[in-house]
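Participant: Give me a 3D structure for the following:
(one chain, ligands or ions: 1)
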Amino acid sequence: MIQIAILGFGTVGTGVAKVVAENARQIERKLGEPLAVKSILVRHFKDGPFRQLMTDDFTKIEEDGDIRVVVEAIGGVEAAYDYTRRALGAGKHVVTANKQLVAEKGCELLALARKKNVSYLFEASVGGGIPILHPLTQCMAANRIDEVYGILNGTTNYILTRMVRAGASFADALAEAQEKGYAEADPTADVDGIDTGRKICILADLAFGRQVDPGQVPMAGIRNLSLRDVKIARRAGYRVKLLGRAVRTAGGGRSAYVAPHLIAEESPLAGVEDVFNAVVVRGNATGEVMFYGRGAGEKPTASACVADVMEVLQQSPRREEIGWSPESGGFTDPLDLPGRHYFRVEDSLTSAAAGFGQVEVLSEDGDTAFLTETMTGREALARCGELTVLAHIPVLA
Ligand code: HSE
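Facilitator: Reported below is the predicted structural model:
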């Protein structure tokens, strides 16, 4: 019998306990031994089938030599960071879905795990149930990764879909996402692009092998996105989606940011709706590879966590991570990345054309909306000059 502990019993912790119980036969067949949850760390005891496993004392887990793997499902940084360090220090493997902790402290925790000859795995931290980190670092290991981008937040994608398709208000769509267990405890992290930002940092760290600090990465969410722009874009053959994007730049640099984008409706990303996420990885040998699936929710996220648990128990030797250097220099300001830009301005098309020259007009009927030619964001903003900009959205090439 292999025993594990779960820290935290919210959406992810509950999902892990359920998947371990419900899929016990398949898991045992693959591991060659039964897997069982021995302890669940909680702050408040809850009635139900797992009540007898609950404790509020982390020391009992830390000192329990029978517990080989700890699933950290607390979220946030403070307690989660302390318990993860103590669990790794006690020689236990740690598995997590905690993107904030991985984005901020992942490099350090991987180094600690290496020192203690155990693993720290976090497949569920990006893309929920979609396998992405393992394919990125293992299956695509022969590539130089040049770009990673995608729809990385289920809550905002759900909100955008419900607003566009069902005419739901922002508040109602957010409440539905919260009820379904997709949203963060504080949904501003979803809505303001911070959750996507943490995930794109992790993808960039692993894709480029160097630390991208969340503080370096501009993050814009969907709070200020106007339905008017969504409709203009739609009529012109584009969808608006919140993307995280990380790009390798000249001279060994890299850049990353989060922003709503216009995406041509022929692009596979344009059809990614509801809670679904999709991540595109561009390798220099593979070209673009896309990963698609449920990016949030109890069981999909638990699926990725439990698979990591099984991996740390099976692997021999331990999975050699991923070059992830703490060096964080060489970050290019995303304003210097080239691309096309959507603008809606208060002024006439003639005034807009005076600044931009050639533009593709999307609307001049009440709204002045247009797409620029390819130029950096910095140049596009400079060319706006005296124009009153109502919306500025980059276009995915
Ligand atoms: N709040 C996150 C989302 C959960 O909506 O995608 C999964 O990370």
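Participant: Does Asn277 belong to a helix, a strand or coil?
Facilitator: In three-state terms, and counting by DSSP: H, G, I helix; E, B strand; the rest coil, Asn277 is strand.
Participant: Next one: it from Thr372, what distance?
Facilitator: For Asn277, the distance to Thr372 equals 29 Å [C-beta to C-beta, to the nearest Å]. The way it works is simple: take the backbone N, C-alpha and C, and place the C-beta from them, glycine included.
Participant: Which one's more surrounded, these two?
Facilitator: Taking neighbours as other C-beta atoms under 10 Å, Asn277 and Thr372 compare with Asn277 leading, 26 against 23.
Participant: so who does the more buried one touch?
Facilitator: 127-128, 130, 150-154, 157, 292-296 (C-beta atoms under 8 Å, 6 or more residues apart in numbering).
Participant: and the closest residue to Glu147 other than its chain neighbours, how many neighbours?
Facilitator: Nearest non-adjacent residue to Glu147, counting by C-beta to C-beta, 6 or more residues apart in numbering: Arg282, 4.3 Å away. Applying other C-beta under 10 Å, we find 19 other residues in the vicinity of Arg282.
Participant: what's Met54 in contact with, if anything?
Facilitator: 9, 39-42, 45-46.
Participant: Just flag the most distant two among those residues.
Facilitator: Using C-beta to C-beta, the two most remote members of these are Ser39 and Lys46, lying 14.3 Å apart.
Participant: Can you pick out the residue with more neighbours from those two?
Facilitator: Neighbours were counted for Ser39 and for Lys46 using other C-beta under 10 Å; Ser39 has more, 21 against 11.
Participant: Tell me which entries of the contacts of Asn277 lie within strands.
Facilitator: Among the contacts of Asn277, the members found in strands (DSSP state E) are 150-151, 292-294.
Participant: what's the closest of those to Lys18?
Facilitator: Arg294 (15.5 Å).
Participant: Now do the residue nearest to that closest one when sequence neighbours are not counted against Val19, distance only.
Facilitator: Distance criterion C-beta to C-beta, 6+ apart; nearest residue to Arg294, sequence neighbours excluded, is Pro300 at 4.0 Å. Computed with C-beta to C-beta, the distance linking Pro300 and Val19 is 10 Å.
Participant: So which residues on this structure come close to the ligand?
Facilitator: 128, 153-155, 182-184, 190, 195, 295-296 (C-beta under 6 Å from any ligand atom).
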